[in-house]
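Enquirer: Fold the following for me, if possible:
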Amino acid sequence: MLDIDEFKAVNDRDGHEAGDRLLVTVAEALRGRVRETDTLARLGGDEFAVILHQADWSSLRRVADDLIEVVNAACPDGAAAAAHISIGGAPFTADSTASGLLAQADRAMYQAKRRGGHQAVLEQ
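Expert: I've put the predicted structure just below:
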């Protein structure tokens, strides 16, 4: 799970049109990085979910780092609507439920935000 750091500030400072353009830019950057077999969805507002199918722990870390990098490249500092993202990841296990997995990833994402954002926290 991920969201755009300080997204509300972009809307407040630059207007909702700028926020909408930023959402499109971030979504396109994310879409360009995930595999065809993965799932990318906008959950609402500035929150997105990525489901990596058949990925091990090191793949999750690599993809999370790549997603941060591609968003940085698409929205560089100094751009009209620069953006950084915070990511929370959680592994699917035999005991996982959709709601439980989403809650785990959400907690990890907010931990990344509390640490200053612009990073990924992955639960094991």
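Enquirer: residues near the spatially closest residue to Glu47 that is not a sequence neighbour, how many?
Expert: With CB to CB, 6 or more residues apart in numbering as the criterion, Glu47 has its nearest non-adjacent residue at 4.5 Å, and that residue is Asp3. Using the backbone N, CA and C atoms, a C-beta is placed for each residue, glycine as well. Asp3 has 22 neighbouring residues, counting by other CB atoms under 10 Å.
Enquirer: Packing partners of the lowest-mean-pLDDT helix or strand in the chain?
Expert: For the chain, using mean pLDDT, DSSP states H and E, the weakest element among its helices and strands is helix 7-14, scoring a mean of 89. Judged by 3 or more CB pairs under 8 Å, 6 or more residues apart in numbering; DSSP states H and E, helix 7-14 is in contact with helix 16-33.
Enquirer: The residue nearest to Glu47 reaches His84, doesn't it?
Expert: No. With contact defined as CB atoms under 8 Å, Asp3 does not reach His84; the gap is 10.3 Å.
Enquirer: No further questions, thank you.
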